[in-house]
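Q: model this:
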Amino acid sequence: MKTRECILVGFYDTENLYQLWDIEAKELIKRRDVIFHKHIIGHPSLARNNEVAPGEKVNILGQQVQQKRTEEEAEELENLYPVIEILKDKEWVGIPERVLSMQEELVQKPVLKSFEKAMSGGDGEQWLETIKLEHDSLKRNSVYKWVVLPKGKKELPCKWLFNIQRKLDRSVDRYKARIVAGGHRQKEGIDFKETFAPVAKFASLRLLLTIVALENLEGEQADIVTAFLYGELDKVVYMKVPDSVTPEIGDKYVDTDDSVRKFTKEDIRKFTEEDRSNGMAVKIVWLLCKSLYRLKQALRCFYRKLDRMLVEKRYTRVVCDYGVWICKEEVVLIVYVDDMQMFGTHVGINKLIAALETVFILKRLEATGDELFLGLRMERDRLNRRIALTQAHYAMQVLLRFGMDACAEVLTPMDQKEDCTIRKEDIPLNEEGRRLYQVAIESLIYLMLGTRPDLSYSVNKLAQYYTNPTERYWKGIKRILRFIKGTINTTLQLGNVIRDQDEKGLRGAICSYFDAIYMDDKKDRHSTMGYAFFCAGSLVSWSSKKQQTIMLSTTEAEYLAGTEASKEAIWIQQFLQAIRIQSANVYSAKLYSDNQGANVLA
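A: Numbers count the residues shown, from 1 in each chain. Here you go, the predicted model:
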C-alpha cells in the first residue's frame with residue numbers, strides 16, 4: 001500500500017488508533033501503523049508563509065484564525081478531538097463540531113447548558129427549585145461522599161444541564177435539571193473498564209405489541225426516576241463540586257488521612273471556590289459511589305443493577321434479546337435504557353411493579369396506547385384488537401428543523417433511476433452543510449427504524465456518504481423530507497390487520513419477502529439486499545443494507561439476501577418461543593423470493 005504523508009492530530013484511546021490529517025486528500029483518517037518523524041513539528045507546506053507571528057492563533061493546517069471561539073465551544077471540540085501537547089496552545093477552527101444525536105437535537109435538546117445562563121433568565125426560581133430536587137435525589141441515593149482530593153489525583157469536571165419537558169400539545173410538563181460528569185476526561189483502565197450495555201430491539205417491541213393486540217393483554221408504561229444514580233461504580237472516581245452546591249454544617253467528609261470529620265462553618269469557608277483560587281493546596285470534591293450521567297460506564301452500571309434485581313425476583317432474561325425479561329406466563333418486561341413497557345395480566349404487571357419499587361422509584365404512566373414510548377405514539381383499538389404506531393410528531397419536528405414544513409410533496413422518497421455513485425463533478429458540502437447532512441441522516445434513521453420501512457432503501461443509500469456528502473446527496477435528503485411531508489400521518493398497524501385469517505394471519509405465523517439489487521453501486525460493484533418480515537400479518541422487522549462481498553451473479557446476490565433473511569427468521573422464532581408462545585402455534589417461517597436460481601440453490 002502507498003504511504004501517505006500526514007500530520008498527527010490526536011488519539012483514539014478506546015481503539016488504540018492515531019488520528020491523522022491526510023495532507024493530500026485533505027481529510028481526517030485513523031490508522032494504527034504509523035512511522036513518526038519526531039524531529040519535524042507541523043508541516044511547512046501548510047503554514048502561511050511558513051511562519052506564525054507571535055500571539056497569532058492558527059488551526060491544525062496552519063491557517064490564521066480570525067474569530068476566537070468561546071470557552072464552551074472550545075470544550076466541545078476538545079471532547080471530540082483530543083490533541084497532542086504541541087497543539088494545545090493553538091485555537092482549533094475548521095473542524096466540525098460534535099454531531100448531536102437526533103434525540104438530543106430534535107426531541108430533548110437542553111435549553112440551557114450553564115448555571116449562569118439559567119439563573120440570569122426569567123425562570124431562575126423554577127430552576128433553583130429543580131436544582132434542589134436533583135441534589136436531594138443524589139443525597140437520598142448516596143451517590144457521592146465529600147472528600148478532600150488526595151495528592152496526585154485529578155477530579156472530573158461537571159456541569160448542569162437544564163431542559164423543559166413538554167407534552168404532545170407543546171405545553172410545559174416540568175422543568176428538569178441534571179448534573180452531568182465530564183466523562184470525556186475518563187481514562188480507560190483507570191476510571192472505567194467496560195461500557196457496553198444492551199437495550200431492547202425495535203423488532204422485539206413490535207413483536208410484543210402484535211401479540212398484546214391479538215391476545216388483548218394489558219400493558220403499562222413506566223420510567224425509573226434518576227435511573228443512572230442506582231448503578232454502583234467499581235472504580236474510584238472523583239468529581240468537581242457542582243455550581244450552587246455547598247456542604248452543610250454537620251455533613252461528614254473524609255480527610256486526607258482517611259479520618260471522618262464534620263464540616264464546621266470555618267471548613268465551609270475554607271473550601272470555597274474563592275479560597276481555592278488563591279492557591280490553596282487542599283480541595284474538597286465528590287467521591288462518586290454510584291454512577292452519574294455521562295460517565296462512560298453509567299449505562300452498564302444501571303443495567304447490571306436492574307438485571308441483578310430481576311434475577312433475584314425470579315424473572316428470566318430472554319437469551320435472544322437482553323433488553324427483555326419474562327416471569328412465567330404472567331408478564332413480559334421490555335427495557336430501553338430507563339424506559340420500560342410491561343405486558344401481560346393485571347396480576348403479573350402489579351407484581352412486577354411492586355418488585356421494581358422495592359429498589360427503584362418509578363414514575364407510572366398511562367396504559368399502553370396513551371403515551372409516547374421511545375418517540376413512538378401507540379394508539380390502541382381494543383375492539384378490533386389493533387395497535388397503530390406513528391411518529392408523526394417526530395417527523396414534523398424533523399421537517400421544522402430543516403425548514404421543510406411547507407415544502408412541496410413528492411410520491412416517492414427516491415427517483416427509481418437515481419444513481420447514487422459519486423461523480424467527479426459533484427460539489428462537496430462545507431463543514432456546516434456536512435453537519436446538517438449528518439444530523440439529517442441520523443434523524444431519518446431513527447424514523448426509519450421506528451415505523452417507516454418505506455424509507456429504508458433511500459436512507460441506506462444516502463447514509464453511505466455520511467462523512468463526505470455532496471450537494472447532490474443533500475438534494476436527495478430534501479427529496480426524502482418532501483416525501484415525509486406527504487406521508488406524515490402514515491401509521492404502522494399491528495395485531496389483527498388481516499380480515500381473512502389464512503395461514504399468514506394466524507398467531508405465530510412468520511412470513512418474509514427478500515430481494516437483492518445486483519451491483520447497484522457502480523463504484524465498488526457491491527449489491528444491495530433487503531427483507532421484510534410479517535408475524536400474524538403484521539410487519540415487525542425490515543432491513544435494507546449493502547452486501548459486504550462482491551457477488552458474481554444475481555443468483556448469488558439473492559442467495560446471500562436469503563441467508564440474512566433466514567438468520568432473522570430464526571431469531572424471531574426463538575424470541576416467540578422465549579416469551580412463552582406455545583411451540584405448537586409457532587409455525588415454520590416461509591421465505592419468498594422472485595429469483596428462481598436462488599430458490600433452486602436453496
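
Q: contacts and neighbour counts: CA atoms only from here.
A: OK.

Q: The helix or strand where residue 576 lies: how far from the chain's middle?
A: Per DSSP states H and E: residue 576 is located in helix 554-578. Put simply, helix 554-578 sits 26 Å off its chain's centre (C-alpha atoms, centre = their mean, to the nearest Å).

Q: next one: stretch 478-488
A: Worked out by C-alpha atoms, centre = their mean, stretch 478-488 lies 24 Å from the chain centre.

Q: How about it, which residues are buried there?
A: For stretch 478-488, burial by neighbour count (16 or more other C-alpha atoms under 10 Å) applies to 478-485, 487-488.

Q: Please verify my assumption that residue 326 contacts residue 316.
A: Yes. Using C-alpha atoms under 8 Å, residue 326 and residue 316 qualify as a contacting pair, with a distance of 5.3 Å.

Q: Neighbour count: these two, which is higher?
A: Using other C-alpha atoms under 10 Å, the more surrounded residue of residue 326 and residue 316 is residue 326, with 23 against 19.

Q: So which residues of the stretch 301-450 of the chain form helices?
A: Ranges of helices within the stretch 301-450 of the chain are 346-357, 392-401, 431-450, based on DSSP state H, counting those that start in this stretch.

Q: Using a markdown table, lay out those helices together with mean pLDDT, mean neighbour count and distance to residue 527.
A: Formatted as a markdown table, these follow (pLDDT from 0 to 100; neighbours: other C-alpha atoms under 10 Å; distance: least, C-alpha to C-alpha, whole Å):
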| stretch | mean pLDDT | mean neighbour count | distance to residue 527 |
| --- | --- | --- | --- |
| helix 346-357 | 89 | 16 | 46 |
| helix 392-401 | 90 | 18 | 30 |
| helix 431-450 | 91 | 20 | 20 |
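
Q: in the stretch 401-550 of the chain, which spans are strands?
A: For the stretch 401-550 of the chain, applying DSSP state E, counting those that start in this stretch gives strands covering 492-495, 510-517, 528-535, 538-546.

Q: where does this protein have low pLDDT?
A: Along the chain, segments meeting pLDDT under 70 span 1, 12-16, 38-113, 121-122, 166-172, 271-282, 366-371, 499-508, 581-587, 602.

Q: which element is residue 599 on?
A: Counting by DSSP H and E, the element that carries residue 599 is helix 596-601.

Q: In terms of secondary structure, what does that helix contact?
A: Contact here means 3 or more C-alpha pairs under 8 Å, 6 or more residues apart in numbering; DSSP states H and E; on that basis helix 596-601 packs against helix 554-578.

Q: How far off centre is the strand or helix carrying residue 266?
A: Per DSSP H and E, residue 266 falls inside helix 265-270. Here helix 265-270 is found 42 Å from its chain centre; the criterion is C-alpha atoms, centre = their mean.

Q: Then stretch 131-138?
A: Remark: stretch 131-138 is offset 26 Å from the chain centroid, using C-alpha atoms, centre = their mean.

Q: and what of stretch 305-315?
A: Distance of stretch 305-315 from its chain centroid, counting by C-alpha atoms, centre = their mean, is 25 Å.

Q: what's the helix or strand harbouring residue 125 in contact with?
A: According to DSSP H and E, residue 125 maps onto helix 124-140. Residues outside helix 124-140 that contact it (C-alpha atoms under 8 Å, 6 or more residues apart in numbering): 118-119, 144, 162, 175-179, 226, 229, 245.

Q: list the buried ones in stretch 114-126?
A: 115, 118.

Q: End to end on that stretch, go ahead and measure it.
A: End-to-end distance of stretch 114-126 (C-alpha to C-alpha, to the nearest Å): 15 Å.

Q: what do you get for stretch 174-190?
A: In stretch 174-190, first residue to last residue: 37 Å (C-alpha to C-alpha).

Q: Just list whatever residues bridge to residue 222.
A: Per DSSP bridges, the residues bridged to residue 222 are residue 340, residue 364.

Q: Please apply the same query to residue 284.
A: Residues in beta-bridge contact with residue 284 (DSSP bridges): residue 148.

Q: Burial check on it, number of neighbours?
A: A count of neighbours around residue 284, defined by other C-alpha under 10 Å, yields 24.

Q: Could you list the buried residues of the helix holding residue 599?
A: Using 16+ other C-alpha under 10 Å as the burial criterion, the residues of helix 596-601 that qualify are residue 598.

Q: Nice, that's everything, thank you.
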